[in-house]
Structures are given as structure tokens and as C-alpha cells.
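Can you look at this prediction? I've put the sequence above it.
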Amino acid sequence: MFTDFYINDFTRNLLFNINKFFKIDLLNRLYLRSNKNLHSNKVISFPIIRVKSLIRFLFIKFIFKNNHDIYNKFIYEAQLFNQNIINRLSLIPNNFFFYSYRNDSLEVFNYLIKKKPKVKKILEVPIAPAIFEKKIISKIQRLNKYKWEKKISKNKNFNKIIEREKKEIKAADHIVVPSEFVKNKICQFYLTDKKKISVIPYAIDKKNFLFKRSKRKNKEKIKVITIGDVCLRKGVHYVYEVAKKLSDKFEFNWVGRSNLNSLGFQEASKYINFFGEIPNNKIHKYLEKSDIYFLPSLCEGSSISLYEAYMSRLYLIYSNNCGFELKNYKRKKIVKFNINNMVKIFETLHKNKNAFDKSRILANKTDYFSIKKYEKNFNNMLKKI
């Protein structure tokens, strides 16, 4: 496995023990850059990428006095990552599967096509195509009166990401996506053969999220949570409008780093409580205190946080563009991209005294996104190609 940063087993155990006594967020984040099921001798990491990227950021910001562009950073780090991998690929056999990730694969794929054409190149695309993201967000930015973010339509580096993605999809021997939504969008925008794409929903560890819910007091506001980056793609403008109209009945909370400009964040903070970026192993603490999970996303793949909210037995309110496919789950509403439609759904829930009844919630059966099921789907995909 290749990655930019991974800690060895000794450091992992050390951080685990330190974390028992000192709750330091940075140490917790470092601890998460490891996995007890993946020994460090099977991982090759390139921490130099982070060092070079940081130095480059400091030069751009303080020496050249230019604004830092996140998409330019993505491309720079992806190219560095690819070059480091290429330097290690000469020894791999020809009967090999190379599994890689969207936007992080182009140079390696081109190398394999020229030098090792028999190697099977598998590309994971976790989200709908960047060209679709640009189209739908640009439309919102033209119509919405609040200037939440820099305009994506004018960003040359985002256009480069679109081109990278297009070339990666064409070069891949097979593509793995988490939902039919992503598959359909790839076929729509890149005219890709459906037989080239496998849909494999993600897996999560159910033990972390199947907890008993505490009983709500009748006078308490109903607690709504959104998880993920605070941005237009996640539907921050919809959450803001709904919170603005219903903050007397609902408490709106958001866990995730903000991509908004200062004015947009200041305006949204009037009605939404922002908790910032939280390590993944702490997310369940916010879910267990919530009643509703709200994600009116414009462009997703298949949101892991929706899986976690589902496993936590929250009431789910989300858009079709989330790529979340659970036909038999009753405690959900799929919203249209319409403020009045969203507000109506929330008001109906507020009137329904039984919607958050503890006994009903615990009686609701869950269809687990198990690791075994993921492994079975993944192995079937490998046999197919």
C-alpha cells in the first residue's frame, strides 16, 4: 500500500496509551493514520509530500503574497505522490492489480500503460464527476444572493482536476464506485461503458454506532446534525435557510471544517452551531446526542456519515444526490432542492410526537453495511476483470 503518511505499530501503541491520559487532538489524528489490521511493513509512505507542500504553501502565502488555492494544492500533491510511486513500480510483476484513487492516479496509470501494460488498473471514484460538481454548484452560485465561496466556474485549477479525472477514467481497466448515482453520472458525462463500472457500497464497523439513545425531554429543541465540510457542495445554503426559519423549534449543528469565506461563515453562524473538524473516532458522540441527520447535498458519492447516522438510528433527511440507497428504511425523507419542501418536512416531524420515541427507534431493524459484505462484493469485482 502507498500513502502519504502512516505511523508504525510501535508509535501507534504509544499514541494509544498517551491518549488514555492526555486528550490531545493532534495525537489522536496521528493515531488514526494507522490500522491494527494493516501492519506497517505492508505500507510505503511518503511524508516528504506533506513537508514539500507546506513549504510551498508558506512561499506562496508569505513570500509571493498570493492567495492559496486548494485545488492547486490537490494537483501538486497528486503529482508528487504519483512520482514517488512510479519510482517504486519497476519491481512489481505483470500479473498485478493496481488499485488507486480518483485524482491521485493519472501519472501512474500512464506509466503502467507504457511500461507494464498487463497490470490491471482499478480506479475508485468515490464521488460524482467533478464536471457535474462544477455544473451544479455554478448554477447555485449564479442564483444565490449569499457569496459563500469563491466561484468554481472561474477556477482554472478545478478545470485541470476535471481533465485529470477524465483521463484517469479513460485509462482505467475498471472503475469502482459506491453508488448507482455515481455510476450513472460517470456514464452520462464521460460516455463510459456501464460494464466497466462496479458498484460496491462502503462498509462501516457497526459496533461504533449501535448505541442506546437517551430519551428526549419534550421541551427540548429537536437536534439536527450535518457532518462533512461546510460548503455549497454539501448544501450549506439549504441548511442555513431551513435553520433561519425553524431555529425556534430545532437546534442545527454541523461537524466539519469550513470552506466558506468569512462573511458567509459569519452569516451562517447566526443559525447553525459549527463544531469544526472532529476526528472520525469521535463522531459517534455527536450522533448519539442528535435526533435528525440532515444532508441536502448537491453532489456526493455515497456519504459515509449517512451510513453512520443510519446505524445510529437517526431520522434521515437527505437529497437523492447523496447516493444513499436504502429502500426499506422507513425513518427517512428524501428532499427536493426546494426550501419550502424542506421546511414542510421538518414542520411535519415537529408535530409528530412519535417520530423520536425511544421504543420505536430501538425496534427499527437495521440492514448493516458489513465488512464481510464489502469483501464479497470486492472479490467478485476482481474475478470479473
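Done, it's in.

The chain - how does it break down into domains?
The chain breaks down into these domains under automatic domain parsing: 81-199, 206-363.

for the stretch 251-385 of the chain, which spans come out with low pLDDT?
The stretch 251-385 of the chain contains residues with pLDDT under 70 at 353, 357-368.

quick one: S100 and F109 touch, right?
Yes: in terms of C-beta atoms under 8 Å, S100 counts as a neighbour of F109; the distance is 7.4 Å. Every C-beta, even on glycine, is put in place using the N, C-alpha and C of the backbone.

Return every residue with contacts to both of these two.
Residues touching both S100 and F109 (C-beta atoms under 8 Å, 6 or more residues apart in numbering): K121, L123.

could you pull out the strands for the chain?
2-3, 44-45, 97-101, 120-124, 174-177, 197-199, 222-227, 250-255, 273-274, 292-295, 315-319, 332-335 (DSSP state E).

highest average neighbour count across these?
Stretch with highest mean neighbour count among those: strand 292-295 (a mean of 25; mean count of other C-beta atoms under 10 Å).

got the residue ranges for the helices in the stretch 151-300 of the chain?
Using DSSP state H, counting those that start in this stretch, the helices of the stretch 151-300 of the chain run over 156-171, 180-190, 236-246, 262-268, 283-287.

Quick one: those helices as a markdown table, columns for distance to C322 and mean neighbour count too.
Shown next, in a markdown table, are these (distance: least, C-beta to C-beta, whole Å; neighbours: other C-beta atoms under 10 Å):
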| stretch | distance to C322 | mean neighbour count |
| --- | --- | --- |
| helix 156-171 | 20 | 17 |
| helix 180-190 | 8 | 19 |
| helix 236-246 | 13 | 22 |
| helix 262-268 | 20 | 15 |
| helix 283-287 | 16 | 17 |
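
out of those, nearest to N352?
The closest of these to N352 is helix 236-246. By C-beta to C-beta, the value is 14.6 Å.

center of the protein - which residue?
Nearest to the mean C-alpha position of the chain, counting by C-alpha atoms, centre = their mean, stands S303 at 5.9 Å.

re the thing from before, quick one, which of the strands of the chain is nearest to N377?
Of all these, it is strand 197-199 that lies closest to N377, at 7.6 Å by C-beta to C-beta.

what's the closest one in contact with?
Here strand 197-199 has contacts from 174-180, 182-183, 186-187, 377, 381, 384, using C-beta under 8 Å, 6+ apart.

The domains of the chain: which one's closest to I7?
Here domain 206-363 is closest among these (C-beta to C-beta), at 14.4 Å.

Identify the residues contacting stretch 284-295?
Contacts for stretch 284-295 (C-beta under 8 Å, 6+ apart): 208-209, 211, 213-214, 216, 222-228, 234-235, 239, 242, 250, 252-253, 255, 275, 278, 303, 305-306, 308-310, 312, 314-319, 322, 346, 349, 356.

do the same with stretch 348-355
Outside stretch 348-355, the residues that reach it (C-beta under 8 Å, 6+ apart) are I222, L246, K249, F250, I292, Y315, R331, R360.
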